[in-house]
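Novice: here is a sequence together with a model predicted from it:
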Amino acid sequence: MRIRTVFFLSLLYAALIVLPHFLKYHQQDFLIFLTINILVVVSYRLVTLTGEWSLIHAVMMGVGAYTSALISKNFDISFWITLPLAGVMAGLVALLLSYPLFRMTQFYFLIGSFAAGEAIRLTWIQFIKPFGGTGGTSAIPSPELMNIDFLEPIPYFYLVLIVVSICVYLLYRIENSRIGLTLHAVHWKGVLAESVGVNTWNYRTLAFVIGSLFVGIAGALKVHYIGTVAPKQFDIGFMVFILIWVIVGGYRTFYGAIIGAVVLSILDEILRGVEQLRPAIYGATLIFFILYLPGGLESLPQKIRQKFRANRESAT
Amino acid sequence: MSKIETNASRRKFLKQVAAGATTATAASIIPSRAFSANKQLTVGMNIPMTGDLAPWGLPGYYGCEIIARNINAAGGVTIGGETYDINIATYDHGYETDKAVQGMKKLVLEDDAKMVMMLGGATVAAVLPWATRRKVLTTTLLPSDITPDSNYLVATCESHPLYNVTGVEWLARNYPDAKTAVIVTNNDVEYGLQSTATYQAAFEVAGIEVVDTNLHGFDVTDFAPIVSSVLDKDPDIFCMATSFYVTPIMEQLYHQGFDGKIISCTLDFYHEIIAKTSVDFVNGTIFQFPDFDDPALADVNFPDPGGFDAAFRADHPNDWSAVAWEYPVILLNWIENAQAAGSVESEAVTAQMTGSEQNFVFGGGSWWGSQLWGLDNVLVGKWPVVVVEDGRARIQEYGDLAAWLDANNDVLIKHMKALGLRTV
């Protein structure tokens, strides 16, 4: 790791550690959800590396959320055990779904993943026992550790920060490993990759399972703070937000989706004062980004640099 | 404070608010708080103001703004020797649980809201752990949110869907030949299923047989097959149990020539239904939510209902819905209890509320709920039975909900359990 990166990350974490103490109470909650959403978009990015954009990621988050919530509530099992179980269950469901889903590609995969996601969501709605129907399940216990009060936002934020940091680091390592390079190859040179013996089906499945595993953990983190889990939390509306965050942030670099989630979530919060106009302003902002910054926010520094270079050259 | 004193001060307060309406109308363009030396008393609304459920949030905020304007124009409200102006602080959670949690904390800790009004459902479940621990008085329109340990959650106005039994009682009495019914509604737990169980219980008590029940998902776009399949059973009564799709279902009933009795929990925006069908068709439809210009509201515990209705429709001509008056009723009830308690703090007001006789907006008023949800935090009283007459919603009578529940709660619990709903 380069010294500049280490320095930047040290500064970032120092800022994140002190940040909640300068925020208002509800903004601390916002910070928790934002941090969880970073794991959501980064894990989604892994799935998209193979070129397949799915519409099931939000539901996979729900699979993890329901798993952890129901096990911890009904069997009185600790959050520390149900948290990894949430990821494992989401990964297993993804593995199961990969057999029918990866018979399709591109647009068909997109639609197929949406249908599979809706089937899972409707299961939560139709089976009141054990899922609780549309109302979901509440009174989900919060984590317990050494008398730390995880109902309070600052301790929970630190917990989320640690878990999300580990997960994001692992996802970063996967993307920059030989597996990650192969995933890129499956996307951009699929036929060539197959011709040299790469089993593209297996790699697409692997990306889908790993992405689902991590988003399952994100789901568990969320519901153990809110204390309730309901199908609406993981509906197509939330999935659209994930897509928007990734598209607006940019999907060519690892950090693009993170920037998208952070900037748009903050924008959404800033617009809270103008409730009636919020959807319109939010939509207009999206259209602006898509028209004038199609490479996403991640391409902004490069564009600015190019602009400066062009100005300098025209001046000389 | 004795009940006589409470009643006297309540009447005085309601008159004062009604008088304030006149002043407020004249000066509505000037914020009354701008010139007031009174302290601010903030009440929170953590509700959906955007999204699909906005019609069950936003009109309530508009209604509360009118009431607050009237109170402030009348000089404010005196509680515990201090005179306050009412300030309504809102947070739009868009019916998202995480936003609801943020909203609750913002309203209580940053806006200093002394009481928080909510719609109900998953958003209330999400805020309950924190709100209960902090002892924040929270109100819901869905009593099914109440749990055995939710001591600071009360339902002081809408006792959804319990009041639906009054409509069925009236129907059975006035149309004794109607002996079979079908129920159509969405299959959600918070609204559809709770209401279905209640209607099933009410029909059973009234001796009406339910010959078909269709619980559909939210993804339905064409109601023709659903309506035609239940009409095949040739029912005398078509019941919509808190349906989110009243308008398209009514359109289908019209097109398929249904000529029996229609009963529904809500008939929001019924003028639009009339525009899409006909006055003759909608006339006779029974539901539970009055317009506030109804002459039969003259003696209710609400200051100048007609004036409120006029002010609302002048400010927001197309936004009236069932919640337009419900949140204001909750606000007024809270003020009355705060005055009686001599405090605005949650613990004192909650103790005053749940520990004393209450005057429900339509008369009567007793605490109920432990039989079903484990805590007597639902205020039940008389509830209006409304029928469309000449294209206008008109109250026929005030049904006695408390009496029905006392006599038949075992039937209700049986149907709730049969649908897998939470009971104690």
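Specialist: Structure received. Numbering: from 1, shown residues only, chains lettered A, B, ... in the order given.
Novice: residue A:254: what secondary structure?
Specialist: Assigned state for residue A:254: coil (three-state reduction, DSSP: H, G, I helix; E, B strand; the rest coil).
Novice: that one against residue A:43, yeah?
Specialist: No - under the criterion of C-beta atoms under 8 Å, residue A:254 makes no contact with residue A:43, lying 11.8 Å away. Any C-beta I mention is one placed from the backbone N, CA and C, and that applies to glycine too.
Novice: more crowded one of the two?
Specialist: residue A:43 (29 against 17; other C-beta atoms under 10 Å in any protein chain shown).
Novice: show me the contacts for residue B:288.
Specialist: Residue B:288 is in contact with B:163-164, B:166-167, B:265-266, B:383-386, counting by C-beta atoms under 8 Å, 6 or more residues apart in numbering or on different chains.
Novice: contact partners for the nearest residue to residue B:153 once chain neighbours are set aside?
Specialist: Excluding its sequence neighbours, the residue lying closest to residue B:153 (C-beta to C-beta, 6 or more residues apart in numbering or on different chains) is residue B:138, at 5.1 Å. Going by C-beta under 8 Å, 6+ apart, residue B:138 touches B:104, B:115-118, B:124, B:127-128, B:131, B:152-154.
Novice: okay, those in a markdown table with secondary structure and neighbour count next?
Specialist: Converted to a markdown table, those look like this (DSSP: H, G, I helix; E, B strand; the rest coil; neighbours: other C-beta atoms under 10 Å in any protein chain shown):
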| residue | secondary structure | neighbour count |
| --- | --- | --- |
| B:104 | helix | 30 |
| B:115 | coil | 28 |
| B:116 | strand | 26 |
| B:117 | strand | 31 |
| B:118 | strand | 30 |
| B:124 | helix | 30 |
| B:127 | helix | 29 |
| B:128 | helix | 26 |
| B:131 | helix | 24 |
| B:152 | coil | 23 |
| B:153 | strand | 27 |
| B:154 | strand | 30 |
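Novice: how about the residues you listed in CSV, adding pLDDT?
Specialist: Listed next are the contacts of residue B:138 as CSV, based on pLDDT from 0 to 100:
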residue, pLDDT
B:104, 92
B:115, 96
B:116, 96
B:117, 97
B:118, 96
B:124, 93
B:127, 91
B:128, 90
B:131, 91
B:152, 94
B:153, 95
B:154, 95
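Novice: and for residue B:372, the neighbour number?
Specialist: Neighbour count of residue B:372, defined by other C-beta under 10 Å: 22.
Novice: equivalent analysis for residue B:37, please.
Specialist: Neighbours of residue B:37 (other C-beta under 10 Å): 7.
Novice: need phi/psi at it.
Specialist: Dihedral pair for residue B:37: phi -90, psi 0, per degrees, to the nearest 10.
Novice: can you check the one 4 residues further on too?
Specialist: In terms of degrees, to the nearest 10, the main-chain angles of residue B:41 are phi -120, psi 110.
Novice: can you get me the start-to-end distance on stretch A:18-25?
Specialist: Start and end residues of stretch A:18-25 are separated by 14 Å (C-alpha to C-alpha, to the nearest Å).
Novice: what does that stretch contact?
Specialist: A:28, A:30-31, A:153-154, A:157, B:105-106, B:109-110.
Novice: tell me the pLDDT at residue B:340?
Specialist: Here, the pLDDT recorded for residue B:340 equals 92.
Novice: quick check: longest strand of chain B.
Specialist: strand B:82-92 (DSSP state E).
Novice: list the buried residues of that strand.
Specialist: Judged by neighbour count (16 or more other C-beta atoms under 10 Å in any protein chain shown), strand B:82-92 contains these buried residues: B:84-92.
Novice: just the CA atoms of it, as CSV, please.
Specialist: Output of strand B:82-92 as CSV, limited to C-alpha atoms (Å, rounded to 0.1, in the frame of the first residue of the first chain):
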residue,chain,number,x,y,z
GLU,B,82,-47.4,28.9,31.2
THR,B,83,-49.0,30.2,28.0
TYR,B,84,-47.7,28.6,24.8
ASP,B,85,-48.0,28.9,21.1
ILE,B,86,-48.3,25.6,19.3
ASN,B,87,-45.7,24.8,16.8
ILE,B,88,-46.0,21.7,14.5
ALA,B,89,-42.7,20.2,13.6
THR,B,90,-42.7,17.5,10.8
TYR,B,91,-40.4,14.9,9.5
ASP,B,92,-41.2,13.1,6.3
